[in-house]
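Trainee: Curious how this folds, go ahead:
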Amino acid sequence: DRYDNGTTPVGYYSANNYGLCDMHGNVWEWCWDWYGEEYYKESPTNDPKGPSVGSYRVVRGGSWSSNVAVFLRSARRSRPEPDYEGGSGGFRPVRSS
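Mentor: Prediction:
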């Protein structure tokens, strides 16, 4: 009873080793970061924020429509234009203290 043609309900898959559900392969998740082709080669080791400006935003994690395994990991970054609309993207609300 797997959902092969779209997204799945939150928590459909088991949590990963960090206790997070649905991080790989449900939807590409929009990130706050701007995309910088060379940024991570010179970025801080802890909590890199990305460049302060750019033309593309970062998405991570792959989506249900990804058919290549290398895309299905949270470390994988892609760079759609900020006004991209499609059925394979989403976001994860977070709260920081």
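Trainee: how near is the closest residue to Val27 other than its chain neighbours to Lys41?
Mentor: Distances taken as CB to CB, 6 or more residues apart in numbering put Gly90 closest to Val27, at 3.5 Å, once the chain neighbours are dropped. Every C-beta, even on glycine, is put in place using the N, C-alpha and C of the backbone. As judged by CB to CB, to the nearest Å, Gly90 and Lys41 stand 28 Å apart.
Trainee: Give me the more crowded residue out of these two.
Mentor: Using other CB atoms under 10 Å as the criterion, Gly90 and Lys41 rank with Gly90 on top: 15 against 7.
Trainee: Quick check, that one in contact with Trp28.
Mentor: Yes. If you go by CB atoms under 8 Å, Gly90 and Trp28 touch, sitting 7.2 Å apart.
Trainee: so how many other residues sit close to Glu37?
Mentor: Glu37: 10 neighbours (other CB under 10 Å).
Trainee: confidence score at it?
Mentor: pLDDT, Glu37: 85.
Trainee: Can you give me the distance of it to Gly11?
Mentor: Distance from Glu37 to Gly11, by CB to CB: 35 Å.
Trainee: Understood, closing this out.
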